[in-house]
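Undergrad: Quick one, fold the following:
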Amino acid sequence: MNLQPQKSKTLNSALPKLIRLYEHWEHTEEFLEIEKSLYFKKDNRCSVFQYENTKENDVEKCKIKANYYIGVGTVSNNHHIFVSPKINNKLLESIQENLDDIDVDHTAKAKIESKEEVNSLPEVDVVKMLSEIVKLPNATKEISELLDIDWDAPEIEAEHLDNDYLSPFLVLQFIHLMKKIVKKGLKKSYYTVEENLNSRIKGKILIPKTIKLNHLKNRVTNTFCKYQEFGFNSIENRFLKKVLEFVNNYLSINKELLSSVNSEIRNSINYISSAFELISPLENIKEIKSVKHNKFYKEYKEAIHLGELILKNFSYSITKSNTTARKKTPPYWIDMSRLFELYAYKRLLENKAYRKIKYHWKTFGNEVDFIGFYNNPEKNNEIPIIIDAKYKLHYENSKEHQDMRQVAGYARLKKVYHHFSDKVKNSDIIDCLIIYPTLNKETELQISEIKAYQNIYKMGICLPIK
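TA: Take a look at the predicted model:
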C-alpha cells in the first residue's frame with residue numbers, strides 16, 4: 001500500500017514541515033533524505049519507521065513506512081514526522097473473517113484507494129485505553145515501558161499539531177496516583193516554616209531578615225522566625241498541589257481531547273482537590289529536589305516523578321498548559337503494540353472466565369504475553385491456556401500463521417508444562433488463544449477455533465474509537 005496520508009499545510013515557511021503518517025502506512029516525501037531511523041528507547045531493534053532513500057529525475061525522495069508507534073520526532077533539519085493511530089477497518093474485518101485461510105492476502109482485499117477513504121478511517125482512542133490501563137496493578141511501571149520521551153532533544157515546534165498524546169498520558173497517570181494517595185490518606189511530616197511573628201518568638205530567629213524587613217522599617221515588635229511543624233503542608237504535598245493546578249488548567253481547556261473519559265476525570269479531580277484544599281501550592285519548585293522519599297509511601301515518589309515530567313512538558317508555565325495553534329513538544333513515541341497488550345490484560349482480569357492470569361511470563365529467553373486458566377464451557381472445566389495478544393493492523397500474506405506457530409511453540413515449552421503440572425499431562429495439548437483487535441462489538445470476547453490448527457483459538461477485543 002503506497003497511499004499518501006494528508007499532509008499538513010505549513011503556515012510559516014520558517015518552521016520545518018510536518019509529515020503526517022498513520023500506523024504501518026507508507027508515504028513518499030520529496031526533497032527529503034533521511035540519514036538514520038528513529039528508535040524506541042534508543043533500542044536499534046525497535047525502529048519507529050523504515051525508510052528508503054531514492055532519487056528520481058534529480059529529485060531526492062524518501063519512502064517512509066511507519067511501524068506500531070505513535071508520536072512525533074525529527075527526521076531532518078527541515079522535516080518532522082507525526083504518526084497517529086488511524087486503523088484500516090477493512091483490514092481488521094478481513095483478518096477476522098479469513099484467519100483460517102492460509103492463502104488469503106489481506107492487504108490486497110483491504111486496499112484503501114483514495115485520500116477521502118483515509119480521512120474517514122477511525123482513530124483509536126488512546127486516552128480511553130490509557131484510562132483503563134492506569135487501574136492495573138503496577139500500572140506506573142508498565143506504562144513507563146510503553147512511553148519514550150527524549151528530553152535531551154530539541155523541542156519540536158509545528159503549526160497545528162492537533163493531537164497531543166503525551167500530555168494525556170502523563171496527566172491520566174498522575175490523576176490515578178493522586179487518587180491512590182488520597183484514598184490511603186495524605187502523608188504527614190515535619191516541614192520548615194518561616195513566619196514574621198508579632199510580640200513573640202518561635203524556633204530560630206532569622207536576624208538578618210528581621211533587621212532588614214522589620215527593624216529598619218520601625219517594626220520593632222516583629223521578629224522573623226524559622227521553626228518546624230508537623231502536618232500536611234509539607235514540601236511533597238505542596239508540590240503535588242502545584243502540579244494539580246497545572247492539571248486542572250490543562251483539563252479545563254482540553255475538554256474535547258479527553259471527552260471520552262471527561263466525567264470520570266472530573267469526579268477524580270473533585271475527589272483529590274477536596275483533600276488538598278487547605279494545602280498551599282509550592283512556589284519554589286526546586287525545593288522538591290531536597291526531599292528524601294519514604295519506601296512506605298511509594299505512590300508519593302511515583303506521583304512526584306510524574307509531576308516533574310508534567311511541569312517540564314508545560315515548560316514550568318501554567319499559561320502553557322493549554323492548546324495553542326503553535327505547539328511545542330519534546331519528541332516522544334508510544335508503543336501501541338504494548339498498549340494493546342496492557343488493554344487486553346485489563347479486559348482479561350475483568351472477565352470472570354479467566355483466572356490467575358500472569359502478564360509477560362518469562363522462561364529461558366521466551367516471554368509469553370499471558371498464561372493462566374480459562375473456564376471452558378464446552379469442556380465444562382477450568383483449563384490451562386497460553387494467550388498471545390497481537391496488535392496487527394496490517395498483515396502480509398500468511399504472516400499471521402507465523403503467529404500461530406509462535407504461540408504453539410510457547411505451549412510446548414517444558415517449563416509451561418511444569419507450571420501447569422497439576423492440570424495437564426505431558427501427552428496433553430495445551431490450549432492457545434490469539435487475541436486480536438476488532439471494531440465489531442457483537443463478536444467481542446467470543447472465542448472461536450482456528451480450524452487450520454489443533455487447540456488454537458481466536459478472540460477479538462474491541463478497540464475504543466474516537
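Undergrad: buried stuff in the helix or strand containing Leu240?
TA: Leu240 belongs to helix 235-253 when assigned by DSSP states H and E. The neighbour-count criterion (16 or more other CB atoms under 10 Å) identifies 235-244, 246-247, 249-251 as the buried residues of helix 235-253. All C-beta spots, glycine's among them, are computed from the backbone N, C-alpha and C.
Undergrad: Could you do stretch 298-312 as well?
TA: Neighbour-count burial for stretch 298-312 [16+ other CB under 10 Å]: 299-311.
Undergrad: which one of these sits closest to Ile429?
TA: Glu302 (42.3 Å; CB to CB).
Undergrad: doesn't the closest one fall inside a helix?
TA: Yes - counting by DSSP: H, G, I helix; E, B strand; the rest coil, Glu302 is part of a helix.
Undergrad: Could you check how far the nearest residue to it once chain neighbours are set aside is from Asn313?
TA: In space, not counting the residues next to it along the chain, Glu302 is nearest to Thr140; the distance is 4.8 Å by CB to CB, 6 or more residues apart in numbering. Distance of Thr140 to Asn313, computed by CB to CB, to the nearest Å: 17 Å.
Undergrad: Pick out whichever of these two has more residues nearby.
TA: The neighbour comparison of Thr140 against Asn313 (other CB atoms under 10 Å) goes to Asn313, with 25 against 20.
Undergrad: Which parts of the stretch 301-450 of the chain are helices?
TA: 336-350, 400-410, 414-419 (DSSP state H, counting those that start in this stretch).
Undergrad: May I see those arranged in JSON lines, with distance to His79 as well?
TA: Formatted as JSON lines, the helices of the stretch 301-450 of the chain follow (distance: least, CB to CB, whole Å):
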{"stretch": "helix 336-350", "distance to His79": "22"}
{"stretch": "helix 400-410", "distance to His79": "34"}
{"stretch": "helix 414-419", "distance to His79": "47"}
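Undergrad: In contact with the nearest residue to Lys352 once chain neighbours are set aside, which residues?
TA: Spatial nearest neighbour of Lys352, excluding adjacent residues (CB to CB, 6+ apart): Asn375 at 7.8 Å. Shown in contact with Asn375 (CB atoms under 8 Å, 6 or more residues apart in numbering): Lys352, Ala353, Tyr354, Arg355, Asn381, Glu382, Ile383.
Undergrad: Show the pLDDT at Asn375.
TA: The confidence metric pLDDT takes the value 85 at Asn375.
Undergrad: Pairing partners for it in the sheet, please.
TA: Beta bridges link Asn375 to Glu382, judged by DSSP bridges.
Undergrad: Likewise for Tyr191?
TA: The residues that Tyr191 bridges to, once DSSP bridges is applied, are Glu229.
Undergrad: so it makes contact with Ser234?
TA: Yes - between Tyr191 and Ser234 there is a contact under CB atoms under 8 Å: 4.4 Å.
Undergrad: More neighbours: which of these two?
TA: Neighbour tally, Tyr191 and Ser234, criterion other CB under 10 Å: the higher count belongs to Ser234, 22 against 16.
Undergrad: returning to that earlier point: what sits up against the helix holding Leu240?
TA: Under CB under 8 Å, 6+ apart, the answer for helix 235-253 is 167, 171, 174-175, 178, 181, 186-187, 189, 191, 258, 265-266, 269, 272-273, 276, 279-282, 285, 287-288, 290-291, 300, 303-304, 307, 310-311, 314, 318, 321-323.
Undergrad: measure the closest residue to Phe31 other than its chain neighbours to Glu35 for me?
TA: Using CB to CB, 6+ apart and skipping the chain neighbours, the partner closest in space to Phe31 is Glu60 (6.0 Å). Distance from Glu60 to Glu35, counting by CB to CB: 12 Å.
Undergrad: More neighbours: which of those two?
TA: Neighbours per residue, other CB under 10 Å: of Glu60 and Glu35, the larger number sits with Glu60, 13 against 8.
Undergrad: Tell me which helix or strand that one sits in.
TA: Per DSSP H and E: strand 59-66 holds Glu60.
Undergrad: Show me what that strand is packed up against.
TA: If you count contacts as 3 or more CB pairs under 8 Å, 6 or more residues apart in numbering; DSSP states H and E, strand 59-66 packs onto strand 17-22, strand 26-30, strand 49-56.
Undergrad: which of those is buried the deepest?
TA: Of all the helices and strands packed on strand 59-66, strand 17-22 has the most neighbours on average by mean count of other CB atoms under 10 Å, namely a mean of 21.
Undergrad: CA atoms only for it - export them in PDB, please.
TA: Taking C-alpha atoms only, strand 17-22 is exported to PDB below (Å, rounded to 0.1, in the frame of the first residue of the first chain):
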ATOM      1  CA  LYS A  17       7.500  20.600   7.500                       C
ATOM      2  CA  LEU A  18       5.300  18.200   9.500                       C
ATOM      3  CA  ILE A  19       4.800  14.800   7.700                       C
ATOM      4  CA  ARG A  20       1.700  13.100   8.900                       C
ATOM      5  CA  LEU A  21       1.600   9.300   8.900                       C
ATOM      6  CA  TYR A  22      -0.600   6.600  10.300                       C
END
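Undergrad: returning to that earlier point: buried subset of the contacts of helix 235-253?
TA: 167, 171, 174-175, 178, 181, 186-187, 189, 191, 258, 265, 269, 272, 276, 279, 281-282, 288, 300, 303-304, 307, 310-311, 314, 321.
Undergrad: okay, now the domains of this protein?
TA: 88-121+351-466, 166-188+232-322, 197-228 (automatic domain parsing).
Undergrad: Turn the helices and strands packed on strand 59-66 into CSV, including distance to Phe224 and mean pLDDT.
TA: Formatted as CSV, the helices and strands packed on strand 59-66 follow (distance: least, CB to CB, whole Å; pLDDT from 0 to 100):
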stretch, distance to Phe224, mean pLDDT
strand 17-22, 54, 86
strand 26-30, 63, 86
strand 49-56, 59, 89
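Undergrad: Would you tell me which of those strands gets closest to Ile434?
TA: Closest among those, using CB to CB: strand 17-22, at 23.7 Å.
Undergrad: Leu433: neighbouring residues, count only.
TA: 22.
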